[in-house]
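Colleague: from the sequence below, what's the structure:
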Amino acid sequence: MVHSVNKPDLLAIYRRMRLIREIETQISIRYHEGQMRCPTHLSIGQEAPPSVLSEYLTHADYAVSTHRSHAHYLAKGGDIEAMLAEIYGLPEGCSMGRGGSMHLADKSVGFMGSSAIVGNSIPVGVGLAHAAKLENKGRLAVVYIGDAAVEEGVFYESANFAATAELPVLFLCENNGFSVYTAFDGRQPKGREIHQMVGAIGLESSHASSYNFNELLERTGYAVNYIRESGRPYFLEIETMRYLEHCGPNNDSHLGYRNNEDVEQTKLRDPLSQLAQALRDDGKDPGEINTQIENRVQTAFKKIQDLLNSGLVEGGQK
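Modeller: Below you'll find the predicted structure:
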C-alpha cells in the first residue's frame, strides 16, 4: 500500500501553534483576576501535536478530547470567543457556560466534545468512528488521550473493538510523562513503550517526538493517510511536555516531582521556537503572524470583558 502524504503548510501549522500559545498564556495571566469560572488545564508546551495533526484533517472529520482540551479545540478550528466565554461561565459559551474549560464542543468543525473524566471520551470517539464507517463518506475520528488514559480499562476495550471492527480512528496519545504528579516509570514496568504495547492489541502504531519536527510531520501524515486508505485504526504516541502545573495557571517547579533542570533543557527545544526559526531560515518572517494573532486574541478577550460588563450577575446569568 502506498501512502501519499501531502506537503504540509508550515505557516498554517505555526499559526495554529502560536494562537494556542497566545490564548493559553493570556489565560494563565488573567486567571488570577478571579473571573474565570472553572479550573483550567493548560497546553503550553503541547501545541505541536494537534497543530500538526489538523493540517491533515478536515472539518468533516470528528475529534474528541480530554480535560486538557483547549489546544485540540482551537487546532480543529473551534470558535475562540465561544471557548473563552465558556471558561468565564457565560451563556455565550460553547456549552452555554455550564461545562467550563473541560467541556468544550464545536460541532460545526467536527470537534464533538471533551470530558473531565480520564478516558471518558475514548468510547465516544470510537463510536463516532463506527458511525463514520457506516456513513462511508471518508471521515475519520480522532481520539486525543494522555499517557495515563492507556491505564484505563475502557481504552483496551475500545482499542480492541476498533481493531476487530476495523474502524477509521486515530488514537493520538500526547505522552507528557506524568499522570498529575506521578511519572510514567512509577505507573508502568521499566522499559515499556506505550505504542509497542498498543501494537500488541492489533493496531498499527508508531512514536514521534514534538522536538523533531520532520519526524512529527512524517508520522502524523502517515497515520492519517493509513486510516483514510485502509479504514483501519492507528495509534500514534507523541512525546511532549506541559510547561505549567497539571491544573492551573502557575509554574510548579517548587513541588519537586519532576527534575527542573530537565524541564528547562527541554524548553530550550521548544517546538514553537523551532518552527519559528525554521520559517526564518526559509526566508519567512513569522513576525507578522505573531502580531495578527496577538491582536486577534486581545480582541477576543475584550469581547468577553464587554460581556462581563454588560449587566451579567454572579454565575453568568443575565
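Colleague: what are the ranges of the strands in the stretch 101-250 of the chain?
Modeller: For the stretch 101-250 of the chain, applying DSSP state E, counting those that start in this stretch gives strands covering 111-114, 141-146, 169-175, 178-179, 182-183, 204-209, 234-239.
Colleague: output the one helix or strand Glu86 maps to as CSV, restricted to C-alpha atoms.
Modeller: Using DSSP states H and E, Glu86 falls within helix 80-87. Included here for helix 80-87 are C-alpha records, laid out as CSV according to Å, rounded to 0.1, in the frame of the first residue of the first chain:
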residue,chain,number,x,y,z
ILE,A,80,-12.3,31.3,20.0
GLU,A,81,-14.9,33.6,21.7
ALA,A,82,-17.2,30.7,22.4
MET,A,83,-14.3,28.9,24.2
LEU,A,84,-13.4,31.9,26.3
ALA,A,85,-17.0,32.6,27.1
GLU,A,86,-17.3,29.0,28.4
ILE,A,87,-14.2,29.4,30.6
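Colleague: tell me how far it is from the chain's mean position?
Modeller: Taking C-alpha atoms, centre = their mean, to the nearest Å, the mean C-alpha location of helix 80-87 is offset from the chain mean by 16 Å.
Colleague: for it, packing partners?
Modeller: helix 10-30, helix 70-75, helix 287-308 (3 or more C-beta pairs under 8 Å, 6 or more residues apart in numbering; DSSP states H and E). Backbone N, C-alpha and C define where each C-beta goes, glycine included.
Colleague: want to throw the strands of the stretch 101-250 of the chain into JSON lines with mean neighbour count?
Modeller: Rendered in JSON lines, the data for the strands of the stretch 101-250 of the chain read as follows (neighbours: other C-beta atoms under 10 Å):
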{"stretch": "strand 111-114", "mean neighbour count": "24"}
{"stretch": "strand 141-146", "mean neighbour count": "27"}
{"stretch": "strand 169-175", "mean neighbour count": "26"}
{"stretch": "strand 178-179", "mean neighbour count": "18"}
{"stretch": "strand 182-183", "mean neighbour count": "12"}
{"stretch": "strand 204-209", "mean neighbour count": "20"}
{"stretch": "strand 234-239", "mean neighbour count": "25"}
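Colleague: give me the low-pLDDT residue ranges for this protein?
Modeller: Along the chain, the parts satisfying pLDDT under 70 run over 1-6, 311-318.
Colleague: tell me how far Asp270 lies from Gly191.
Modeller: As judged by C-beta to C-beta, to the nearest Å, Asp270 and Gly191 stand 28 Å apart.
Colleague: of the two, who's got more company?
Modeller: When Asp270 and Gly191 are compared for neighbours, Asp270 comes out ahead with 19 against 7, by other C-beta atoms under 10 Å.
Colleague: for the more buried one, give me its contacts.
Modeller: Residues near Asp270 by C-beta atoms under 8 Å, 6 or more residues apart in numbering: Gly45.
Colleague: for Arg21, see how far away it is.
Modeller: According to C-beta to C-beta, Asp270 stands 9 Å off from Arg21.
Colleague: check Leu275 too.
Modeller: According to C-beta to C-beta, Leu275 and Arg21 sit 11 Å apart.
Colleague: and what of Glu218?
Modeller: Distance from Glu218 to Arg21, by C-beta to C-beta: 23 Å.
Colleague: and the residue nearest the centre of the chain?
Modeller: In the chain, the residue lying closest to the centroid (C-alpha atoms, centre = their mean) is His72, at 3.4 Å.
Colleague: can you tell me which residues contact that residue?
Modeller: By C-beta under 8 Å, 6+ apart, the residues touching His72 are 50, 63, 65-66, 111, 114, 144.
Colleague: apply 6 Å and report the result again.
Modeller: Going by C-beta atoms under 6 Å, 6 or more residues apart in numbering, His72 touches 50, 65, 144.
Colleague: residues touching the second one, list them.
Modeller: Residues counted as contacts of Ser65 (C-beta under 6 Å, 6+ apart) are 72, 114, 144.
Colleague: Ser43 against Ala71, yeah?
Modeller: Yes. Counting by C-beta atoms under 6 Å, Ser43 sits close enough to Ala71 to count as a contact (3.8 Å).
Colleague: can you give me the end-to-end span of stretch 31-43?
Modeller: By C-alpha to C-alpha, to the nearest Å, the extent of stretch 31-43 from end to end equals 15 Å.
Colleague: what sits up against that stretch?
Modeller: 24, 67-68, 70-71, 87-89, 100-101, 244, 247, 249.
Colleague: what's the answer for stretch 148-167, then?
Modeller: For stretch 148-167, the surrounding residues in contact (C-beta under 6 Å, 6+ apart) are 118-119, 122-123, 126, 129-130, 133, 169, 179, 194, 201-203, 231-233.
Colleague: quick one: residues in contact with stretch 186-203.
Modeller: Contacts for stretch 186-203 (C-beta under 6 Å, 6+ apart): 150, 159-160, 163, 205-207, 233, 235, 237.
Colleague: got CSV for the residues you listed, with distance to Met36 too?
Modeller: Below are those laid out as CSV (distance: C-beta to C-beta, whole Å):
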residue, distance to Met36
Val150, 30
Ala159, 35
Asn160, 39
Ala163, 40
Ser205, 37
Ser206, 37
His207, 35
Pro233, 36
Phe235, 34
Glu237, 32
